[in-house]
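Novice: How does the following fold in three dimensions:
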Amino acid sequence: MLQRNVRRALPLFILPLLALWPGPGHTQQRGGTLVFTVPASDFPSMDGHQENTFATLHPTAPHYSLLIRADPTDRTALRLEGDAAASWTVNSDGTLYTFKLRPGIRFHDGSPLTAQAVLASYEHILHPPPGVASPRRAYYTMVESVSAEGDSIVVFKLKFPTSAFLPALAQPFNYLYSAARLRQDPNWYKTHIMGSGPFLFKSEQRGSNWIGVRNEHYFKKGLPYLDGYEAIFTPKENIEIEALRGGRSMIQFRGFPPAARDLLKASLGNKIVVQESTWNCALYAIPNSFKKPFDDIRVRQALNLAVDRWGGSKLLSAISISKTVGAYGFPGHPLSMTDEELEQLPGYWRDAEKSRREARRLLNEAGVPEGFSFKLTNRNTDQPYKFVATYLIDQWRRVGLNVDQDVLPTAPYFEALNEDPPRFDVVLDFNCGAVVNPALDVQQFISKDRTDGNHGHYIDRKLDRLFEEQLHEPDFAKQKRIFNQFERYLNDQALYLTTLWYNRITLQSSSVQGWTISPSHYLNQQLEAVWLKR
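Specialist: Take a look at the predicted model:
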């Protein structure tokens, strides 16, 4: 009776989470195999350092340890904790971080994981040898050097103090590798698995499945709870849905659209558990500032003003994974603007008609005729690209523009993004992060000669200056002011037009316990504390 009354008093958004609580008298149970689907046909390689896709991370992360990580029980992913690191200290000026490793950590081949392994792993990321890719190397511009002191101490010396360092260090792709294996071949991990994580590698069939089994010598005593796991590769959403409905799969970690959530809740009831979170991913529209009439700031500003983001959130969240209104920093992060601050920006006004009147005025002032036609280049991906593009086209037509969609397969789409100078009229681009770290995540928007991620290909030194100022500012209140100034200036220049941030929806069997959603589909994938309620 007490539990029933408590449930009645709780807000509705809490109720799905109650299914994750084992309840009175229940404790974590050992045993069983977790079966999950990976919504991809394959993975490019096994090397977390060189890859940038969940298709690599989801099956391989349980085999590896990290130095530090986002706390897997924290839905915000802002709280960091040691993994292989037992503790760390920071000197008074914030430029020297000293990490002490847990004792007794061993790789799966029995060799010890020492400070030399941590040093070799980060050197592999920070200073990759020829022929080795490092897609996150730019995250560590603040690092001057890494060194090892004996077997258990690792020291990072920074060029300047910054709050962005620890979140960058906690990237989930930063697997700790064997120094000996990296010396043997810096590309060895592209085709081999050998970590110190909670699960041993057993087998894989390319494009089919991946199997891991419990590491009985894992350094965190009593973990993992599972006997093992099996990852099944399937790029078809309908197959994943049927696998969950039929009990052949227990969870999919990337996320589903609202229709899949509603379908499975209707058919399975409390046998399926839903978790939702704002996703650290967003789509942006880039007008080609090298091409008329988009080289005129008034035209770009008109495109920005024409889009009703608040109304779009209500419409698109019902049919797609796009939902949350935000600027360039992750919504809800302490650095980012609040809704009240956003409402003051052109393009975020609550009065959509007021925005459209201003958009029409600017287009007329810039000499753009009624019915002017252009193409929106888009990726051949339904969720959420095609949904967002359809909404943008409708919004721009409301201010007198005639827009067609040019949908390209993935390879030609990326060619269009990277072509310099660009030839598109307007293109949809994306920005997805792992550990929420806005101070670094916005580097995509600075000048093209400073980052490979800028697909607008423009040069803007004021953006560069503001980015560096906020990154170097140790006082958080001052950093926030500069960061928000960066967001306002980028919005005013209308070089990258925001759409909506994604909404992550995960579905899992009620038997799956001990896993918490986060803002990123890259996080919380070591699975050490996951268990199955039988």
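Novice: residue ranges with poor pLDDT in the chain?
Specialist: Residues of the chain meeting the criterion pLDDT under 70: 1-26.
Novice: longest single helix anywhere in it?
Specialist: helix 476-493 (DSSP state H).
Novice: What residues sit buried inside that one?
Specialist: Buried positions in helix 476-493, judged by neighbour count with 16 or more other Cβ atoms under 10 Å: Gln479, Lys480, Ile482, Phe483, Asn484, Phe486, Glu487, Arg488, Leu490, Asn491, Gln493. No exception for glycine: its C-beta is placed from N, CA and C like everyone else's.
Novice: Provide a list of residues in contact with the first one.
Specialist: By Cβ atoms under 8 Å, 6 or more residues apart in numbering, the contact list for Gln479 reads Ser163, Leu335, Ala439, Gln470, Glu473.
Novice: try the third one
Specialist: Ile482 makes contact with Leu466, Glu469, Gln470, Glu473 under the criterion Cβ under 8 Å, 6+ apart.
Novice: Closest one of these to Gly456?
Specialist: Nearest to Gly456, judged by Cβ to Cβ, of those is Leu466 at 16.3 Å.
Novice: Surely that closest one and Glu487 touch.
Specialist: No. With contact defined as Cβ atoms under 8 Å, Leu466 does not count as touching Glu487 (9.2 Å).
Novice: Let me know the distance separating Val325 from Glu487.
Specialist: Distance, Val325 to Glu487, using Cβ to Cβ, to the nearest Å: 13 Å.
Novice: Please disregard the earlier target; I meant Leu119.
Specialist: Leu119 sits at a distance of 37 Å from Glu487 (criterion: Cβ to Cβ).
Novice: What segments of the stretch 301-450 of the chain are helices?
Specialist: Ranges of helices in the stretch 301-450 of the chain, per DSSP state H, counting those that start in this stretch, are 309-316, 339-342, 352-365, 387-397, 410-418, 438-441.
Novice: Distance from the chain centre to the longest strand along the chain, please.
Specialist: Across the chain, the strand with the greatest residue count (assigned by DSSP state E) is strand 272-287. Distance of strand 272-287 from the chain centroid (Cα atoms, centre = their mean, to the nearest Å) equals 9 Å.
Novice: Remind me what that strand packs against, helices and strands.
Specialist: Judged by 3 or more Cβ pairs under 8 Å, 6 or more residues apart in numbering; DSSP states H and E, the packing partners of strand 272-287 are helix 15-18, helix 258-268, helix 297-305, strand 322-324, strand 426-432, strand 497-509.
Novice: Parallel or antiparallel, which strands does the last one pair with?
Specialist: Here strand 497-509 has these sheet partners by DSSP bridges: strand 251-252 (antiparallel), strand 272-287 (antiparallel), strand 322-324 (antiparallel).
Novice: helices and strands around the following helix or strand past it, which ones?
Specialist: Note on strand 497-509: by DSSP states H and E, the next helix or strand toward the C-terminus is strand 512-513. Under the contact criterion of 3+ Cβ pairs under 8 Å, 6+ apart, strand 512-513 touches strand 531-532.
Novice: Centre of the chain to the strand it packs on, how far?
Specialist: That offset, for strand 531-532, works out to 26 Å (Cα atoms, centre = their mean).
Novice: for stretch 488-504, same thing?
Specialist: Chain-centre distance of stretch 488-504: 17 Å, with Cα atoms, centre = their mean.
Novice: Now do the end-to-end distance for that stretch.
Specialist: 27 Å (Cα to Cα, to the nearest Å).
Novice: Same question for stretch 133-141.
Specialist: Terminal residues of stretch 133-141 are spaced 16 Å apart (Cα to Cα).
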